[in-house]
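Participant: got a sequence here, can you build the structure:
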Amino acid sequence: MKYFLSLLALLACLTSQVAFAQTPSTTMADQMRSDGRIYVVIAVLLTILAGLVLYLVRLEKKIKTLEKE
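Facilitator: Next comes the predicted model:
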């Protein structure tokens, strides 16, 4: 019962957040796109993501070699 009530409360909070998130204009994104800065943001995010993937791949290789020993 406690699990059900907490799930219901979480669902109520999430649905109320969706109602607040509906804004008609995205002025910040439009401004960044018109200035060309949105590409810088995308490049930085992709660089961070690529670094994380590379780190995880190297870590997995190290773990495999340790498991073989």
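
Participant: make it CA atoms for all contacts and neighbour counts henceforth
Facilitator: Noted.

Participant: where does pLDDT dip in this structure?
Facilitator: 2, 16-26 (pLDDT under 70).

Participant: what ranges does it have for its helices?
Facilitator: 2-20, 27-35, 38-68 (DSSP state H).

Participant: switch those over to TSV; also include mean neighbour count.
Facilitator: TSV is the format used below for the helices of the chain (neighbours: other CA atoms under 10 Å):
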stretch	mean neighbour count
helix 2-20	10
helix 27-35	11
helix 38-68	11
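
Participant: what lies in contact with stretch 35-51?
Facilitator: 29, 32, 33 (CA atoms under 8 Å, 6 or more residues apart in numbering).

Participant: how about 6 Å then?
Facilitator: residue 32 (CA atoms under 6 Å, 6 or more residues apart in numbering).

Participant: to the chain's geometric centre, what's the distance from it?
Facilitator: Put simply, stretch 35-51 sits 14 Å off its chain's centre (CA atoms, centre = their mean, to the nearest Å).

Participant: could I get that stretch in CSV with only the CA atoms?
Facilitator: Taking Å, rounded to 0.1, in the frame of the first residue of the first chain, the C-alpha atoms of stretch 35-51 are listed here in CSV:
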residue,chain,number,x,y,z
ASP,A,35,23.9,33.1,-33.5
GLY,A,36,25.4,29.8,-34.5
ARG,A,37,26.3,28.9,-30.9
ILE,A,38,24.0,25.9,-30.9
TYR,A,39,26.6,24.1,-33.0
VAL,A,40,29.2,24.8,-30.3
VAL,A,41,26.9,23.3,-27.7
ILE,A,42,26.3,20.2,-29.8
ALA,A,43,30.0,19.8,-30.4
VAL,A,44,30.9,20.0,-26.7
LEU,A,45,28.2,17.5,-25.8
LEU,A,46,29.3,15.1,-28.5
THR,A,47,32.9,15.4,-27.4
ILE,A,48,31.9,14.7,-23.8
LEU,A,49,29.8,11.7,-24.9
ALA,A,50,32.6,10.3,-27.1
GLY,A,51,35.0,10.7,-24.2
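
Participant: shift numbering so it begins at 854
Facilitator: All right, first residue 854 from here; so that's stretch 888-904.
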